[in-house]
Every structure is written in C-alpha cells, then in structure tokens.
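[1] sequence and predicted structure are below.
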Number of protein chains: 2
Amino acid sequence: MTKLKEGMELSILNAAEELFTEKGFNGVSTTEIALKVGCNQALIHYYYRTKANLFQKVFENKLRYLMSIFDIREDNSLSFEDNLKIRIESHFDAIAKNPKLPMFILNEIKNNPITNELIRQTYKDNIPNLIINLEKELSLEIKAGRIRDISAFDLMVNITSLNIFPFLSLPIIEQFYTMDEEMTKVMFGNRKHEIVTTILNSIRVIKD
Amino acid sequence: MTKLKEGMELSILNAAEELFTEKGFNGVSTTEIALKVGCNQALIHYYYRTKANLFQKVFENKLRYLMSIFDIREDNSLSFEDNLKIRIESHFDAIAKNPKLPMFILNEIKNNPITNELIRQTYKDNIPNLIINLEKELSLEIKAGRIRDISAFDLMVNITSLNIFPFLSLPIIEQFYTMDEEMTKVMFGNRKHEIVTTILNSIRVIKD
DNA sequence: GATTTGTTTAATAGCTCTATTAATACCGTG
DNA sequence: CACGGTATTAATAGAGCTATTAAACAAATC
C-alpha cells in the first residue's frame, strides 16, 4: 500500500479522504489513516500538523466538488423542460457517482458548525445566482401558462430531495424491502427516469 | 437537573436519548450523560452496564416510533387521492415534530451495521404489507386510468424523499440561501402543501 | 437500633487517541 | 566521501474514555 516517497503527502490526503467520507471525523483515528497509507502515524502530523487540519483539507475538496455539481451551463436552443431534464439528470449522475458524499457533508455540518463559514464562502455567489436565474426562467414559463405556479426554492428542494435522499437511505431501504444488492440495482436503474417524470409532471399546469 | 431518586434510571434514559439523537453514539461520553442528569458517571453503568447497551435501548425506542409513523389506517369512504394526501401530510407532520430523528437513524445504521438485524425485526411485516397494499391500490387506480403507471416502491421513495430530505439538509439550505431562522419558517410553512401538490400532480395521467 | 438491601460516589485500572520529541534513515550536492 | 537538509520512525507524554471496585450513604425491615 506504500506509495512513492514523492507522493506521501498526497497519499495521506487520499487515504484520509476515503476514510473520512466513510466514517466521519470522529470515526477515524490518525493511526488508522497511517495504517492505510502504510506509514508511521507521526508522519500524518508531520505533513498536516493536526487531524483537524487534515480533515479540513478533505472537507474543502469535497465541498468544492459538491458546488461544481450545480454548475451546469444552459443550452439556449433547448426548451425550459429539456434544459430542466438535463440538469436533473446530470445532478443525479453526479450524486450516483459519489453516493457517500451527501451523508458526509450533512453529517459534518451538523457535528461541526464551524464549517458553516466555509460553506458560506464556497457558495457565496453561485447558488444565489442559480436561484435568481431559475426564478426568472420560471416566472416566464408560468406567465406563458406552460407550467403551474411554483417557486425556484420549492423546485430546487424537490429536485435535490428526490435525487439525493434515496442514496442516503439505501441501507434502510434494503432492510425495509428486504432486497439484496442485485435487486437494489434493478430498482435503482429506473430511478433517474422516474425522477425526471415526477418533476416534469409535477410542474404541469393543473386542469380540472 | 437532578430528578427524583425514583426516576434515576429513566432520567438517564431520557438524557441519553436527547444527547445520542443530537450527536450520535460516538459523539457522546457516559461522563457527558452523567453531567446532564446530574449524577455520578458510574451510575450510568450501574443501571445500564455498558454505554452500548444504553444506546441500544434509545435506538430501539426511536425505531419503534419511526415505524409507528407509517402506521396509518385507511378511510374507505375517501378516494385514493384523498387517502394519499392524508398519508403524506401525517408523515410530514410526524417528521416535522422530530426533525432530528431521520439523521440519527440513517447515521447509526451507517456506522453500526449491527443495528440492521434490529431494523429487520422491527419492520418485519409492517412495511412489506404496507407496500403490498399500496401496490394493490395503485394497480386498481392505474387500470381505471385515474393515475399514470408508477410502482409502489417509486411512489414511497418519492414521498419519503420529499418529506424527509428538507429536514436533513436544513443547515445547508440556510447557508445556500443565506436565510435566517425566521425566513426558514416562512419558506417551510408552505412545504407540506407543496409536497402534496407535487406528488398528486406527479401521478396524474400524462396527456400530450 | 441493628441489619440488610439497594443506591450513589470516589478512585482508579486499562485502553486509545493526538501530538510532540528525539533519534535515525535517506538523498542530493559540493 | 562528508555534510546538510528532508523524510521517517520509535517512544512517549498527556488527555479522555469506559468499566470496575470498594467504600459511603439511604432506606426499609426486623
């Protein structure tokens, strides 16, 4: 498991990233990280001084990645619906590729409110802008009678809820439905499509 | 903070419940529990022998409560839609009353897979029955052309996702949207209604 | 009131964890 | 090769945690 001498600092960061995202800050000891890297425990401190310091570096990386997920450029040649579909799907794909990420972030925010400042800085402008833009698009569509009245906030919360929560609750879902891993895959194979259908349907104009 | 002598055992359980749900198993020490109760640390062990033992009692209680949330009797005089609406709303209310519960359960399941057996036992029949019943109702509605084709699994996942995830992500939402507590309340005031609309709309028959 | 039983406390053993320090191994350069 | 800096290790201090034990205290019983 030992890496090139050159890469020791990075090896430690990578091992820490894997372990921290899996078990959280309190669930991992510097000894465990050292064991995974295949080096002496003191070396962790040599490169990163404190465990908290190392953790923060990992957390920042994850947070940056999380932000990049929302960063999707718009295709003006497409309809609002088609654009929305693309956004939902790429968000879903990004989460599916990192299923442990949401739990990690939510957890550490809860346990360590100090990270809040970090979040505020990382997301400073991007998310508000995203919301403002979505709000504009929505109001156009609503005025044109193409979708029902809904706020950008609610739509965003709906999408992120549907995309993320199933991954968070996977362990409990498997127990509820007494599914094995194979069955889970089959069930989940259809989720992305189902979510798109649900969202697009849910914003249709209601005709009684 | 000291309770009646009689109630010491229960006082410990209550304090433990509060602390464990807040910070998880690893985040709480027996010393901290004792401090909250206002008793000696050894007393925790006198009544519950081990920390893990005490935790398990707390976890079982929470799990039982969580199960009871899904346990809603059907009103046969109402339409499928109206029944569904009631089920969504009462599920939402139950979560809203215990906003920290979902995080606690998901977390401890992840950290401590031993709890899986406990879950399987607690949910043994209830959830599968619930799913089977829902499946039956759905297929009737679908055949009658009153709703679009959707599986009980997907519908359940949609509802739980929309109801639970916003509470999980509250801390991060507040950062994203730079909201204060007051604003959060306003935003959330409408959520329950929005979720019902979203779900009922999402299962409508699609007419192109 | 002495004795027994149950409750609570103080003290501490034993463990694990973080962080530091001093010593050692490694490697390039003069 | 010798020197000097960098990387790595072994050893350990110091703190916190769980669990145990023995002693102190309270209450009930005879």
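    Received, thanks. Numbering: from 1, shown residues only, chains lettered A, B, ... in the order given.

[2] with A:V28 as the reference, measure out to A:K192.
    Distance from A:K192 to A:V28, counting by Cβ to Cβ, to the nearest Å: 32 Å. C-betas here are computed from N, CA, C, even on glycine.

[3] when those two are compared, which one has more neighbours?
    More crowded of A:K192 and A:V28, by other Cβ atoms under 10 Å in any protein chain shown: A:V28, with 21 against 17.

[4] need the pLDDT of that one.
    Note on A:V28: pLDDT of 96.

[5] excluding chain neighbours, what is closest to it?
    Of all residues not flanking A:V28 in the chain, A:L19 sits nearest, at 4.5 Å (Cβ to Cβ, 6 or more residues apart in numbering or on different chains).

[6] contact partners for that neighbour?
    By Cβ atoms under 8 Å, 6 or more residues apart in numbering or on different chains, the contact set of A:L19 is A:G27, A:V28, A:E32, A:I33, A:K36.

[7] quick one, which of those residues are buried?
    A:V28, A:E32, A:I33, A:K36 (16 or more other Cβ atoms under 10 Å in any protein chain shown).

[8] from A:K23, how far out is the second one?
    The gap separating A:E32 from A:K23 is 9 Å, by Cβ to Cβ.

[9] please apply the same query to the third one.
    Remark: distance between A:I33 and A:K23 (Cβ to Cβ) = 11 Å.

[10] who touches the lowest-mean-pLDDT helix or strand in chain A?
    One helix or strand of chain A scores below all others by mean pLDDT, DSSP states H and E: helix A:115-123, with a mean of 76. Contact with helix A:115-123 is made by A:56, A:59-60, A:63-64, A:67, A:108-109, B:171-172, B:175-176, B:178, as judged by Cβ under 8 Å, 6+ apart.

[11] narrow those to those in helices?
    A:Q56, A:F59, A:E60, A:L63, A:R64, A:M67, A:E108, A:I109, B:P171, B:I172, B:Q175, B:F176 (DSSP state H).

[12] excluding chain neighbours, what is closest to the fourth one?
    Translated: A:L63. Nearest to A:L63 is A:T122, by Cβ to Cβ, 6+ apart, at 5.1 Å.

[13] and chain A, what are its domains?
    With domains defined by automatic domain parsing, chain A comprises A:5-57, A:70-202.

[14] among those, where is the model least confident on average?
    domain A:70-202 (a mean of 89).

[15] what does chain A have sitting close to DNA strand D?
    A:K5, A:M8, A:C39, A:N40, A:Q41, A:A42, A:L43, A:Y46 (Cβ under 7 Å from any atom of the strand).

[16] the residues you listed, buried ones only, as a PyMOL selection?
    Burial among the residues of chain A next to DNA strand D is assessed by 16+ other Cβ under 10 Å; the matching PyMOL selection reads:
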select buried, chain A and resi 8+39+43
